[in-house]
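K.L.:
Fold the following and give me the result.
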Amino acid sequence: MFYSNIFYLLHIKRVLKIINLFTFLKKIHVSMVAAKFYKSLLIVIVFIVLCSVLFYQVEHVENPNIKGLDDSLWWGFVTSTTVGYGDIYPMTSIGRIIAMVVMLIGIGIFGFITASVASILVEKNLKKGMGLLDVKFENHIVIIGWNFRSKSIIEELINEDEDIKIALIDRIDSNPYDSKNISYIKGDPWNDKVLTRANIQKAKIAIVLGDKEKNNDELTDGKSVLTCLAIDRLNPDIYLVTEVINHENVVHFERANVNDFIVSNQIESKILVRSVLYKGVNKAFKELITNSYGNEIYEVEIEPKYIGQSYEDIIKEFLSINATVIGFFRNGETYLNPSRNVVLKEEDHLIYIASKKLI
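P.N.:
Okay, the predicted model is just below:
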């Protein structure tokens, strides 16, 4: 059974590689059609065939190396590509003139073809870097806005999962990341076409960050609300998180069906106060909110063996594996430090602190 499972996984990987290869070839095909590559190639072939037929007519009588039209066609393709094996060469004056024409024009034509293929690939990379290509990711994370906060978010996400797929939407000149897993879409995030290019319909999470550089809380929150409304309309099932600048605007985000929001100014001030009152709290916050060092906060859906157990029993179970349970999430509510006698139910999520993700 073990080896059969291994064989099955290897087979799946091969199939996926073949699918990816065909997908890549399809994209190249579309680009070549747009660049009129096939028309250019057809012109080249017709030119070589005509020159080869003409060469055959003037050479086959006096040239013992040409026994048929196929030899002349072979000569035409070899000469036009400047390979020049020397097995067939012109022996008449007219034949030499035809050969010179084929060589001169062949160099230019094949150079043009090579440049066309190269330009297709270069243009694709340039468009991708400039945010002009559509995102093909699925179950990815869409981040709205590029600033020091979004940079920190992306770095944390990559530290958590290096294979995570991210689509960034903003109006910067180019993609700040040179990674196949991070795509950039240039445009206004409240525009349906821009969101569709980011494949928002198949994304699992969207994070909307406020543009604090506007120096206008109402304008910043207003644009964020418009973006949330557009995202909710295109993908009602997405988990939508947004940054709120002014706490009074929370009600507008709730109307936009935002799943969770962070009131940035409020959180910053409260963390600052706790850090002043309790000196060790600041370092604790720093350690828990970053996965670059120390312990982090994780959440996991409760295992069947824990269903029906008391919170106290689960605490002891997790302590035995160097993890500390600090609460649980149930029906959209978070319960921190609950009663030890509370019984855990199905679909509850445990919140724990550990040096690494345990499950």
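
K.L.:
residues in contact with Y311?
P.N.:
325, 328, 338-344 (Cβ atoms under 8 Å, 6 or more residues apart in numbering). For glycine as for every other residue, the C-beta is placed from the backbone atoms N, C-alpha and C.

K.L.:
Could I have the buried ones of those residues as ChimeraX selection syntax?
P.N.:
Command for ChimeraX that selects the buried part of these, burial taken from 16 or more other Cβ atoms under 10 Å:
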select :325,328,344
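
K.L.:
which one of the contacts of Y311 is nearest S40?
P.N.:
For those, the closest approach to S40 (Cβ to Cβ) belongs to F328, at 65.0 Å.

K.L.:
looking at it, that closest one is touching P338, isn't it?
P.N.:
Yes. If you go by Cβ atoms under 8 Å, F328 and P338 touch, sitting 7.0 Å apart.

K.L.:
ok, what's across the strand from S310?
P.N.:
V343 (DSSP bridges).

K.L.:
Count the neighbours of it for me.
P.N.:
15 (other Cβ atoms under 10 Å).

K.L.:
Please apply the same query to T220.
P.N.:
Neighbours of T220 under the rule other Cβ under 10 Å: 21.

K.L.:
Could you measure from it over to S310?
P.N.:
T220 sits 46 Å away from S310, going by Cβ to Cβ, to the nearest Å.

K.L.:
Same question for A167.
P.N.:
With Cβ to Cβ as the criterion, A167 and S310 are 43 Å apart.

K.L.:
And E254, by the same measure?
P.N.:
From E254 across to S310, the span is 34 Å (Cβ to Cβ).

K.L.:
try N331
P.N.:
19 Å.

K.L.:
So what would you say the end-to-end distance of stretch 247-258 is?
P.N.:
Using Cα to Cα, to the nearest Å, the end-to-end distance of stretch 247-258 comes out at 14 Å.

K.L.:
ok now that stretch, how far from the chain's centre?
P.N.:
Distance of stretch 247-258 from the chain centroid (Cα atoms, centre = their mean, to the nearest Å) equals 29 Å.

K.L.:
Give me the contacts around that stretch.
P.N.:
For stretch 247-258, contacts defined as Cβ under 8 Å, 6+ apart pick out 217-218, 221, 224-225, 228-229, 232, 236, 240-242, 244, 261, 263, 265-266.

K.L.:
Can you tell me which of those residues end up in strands?
P.N.:
240-242, 244, 261, 263 (DSSP state E).

K.L.:
now these in CSV, with distance to G187, pLDDT and neighbour count?
P.N.:
CSV is the format used below for the ones in strands among the contacts of stretch 247-258 (distance: Cβ to Cβ, whole Å; pLDDT from 0 to 100; neighbours: other Cβ atoms under 10 Å):
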residue, distance to G187, pLDDT, neighbour count
L240, 19, 95, 24
V241, 21, 93, 17
T242, 18, 92, 24
V244, 23, 90, 24
F261, 23, 84, 20
V263, 27, 82, 18
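
K.L.:
Tell me the one of the residues you listed nearest I153?
P.N.:
For these, the nearest to I153 is V241 (10.2 Å; Cβ to Cβ).

K.L.:
Pretty sure the closest one sits against C228.
P.N.:
No. Using Cβ under 8 Å, V241 is not in contact with C228, being 9.6 Å away.

K.L.:
Tell me which stretches of the stretch 201-350 of the chain form strands.
P.N.:
Assigned strands in the stretch 201-350 of the chain, in chain order: 205-208, 239-244, 260-263, 296-301, 324-330, 333-336, 349-354 (criterion: DSSP state E, counting those that start in this stretch).
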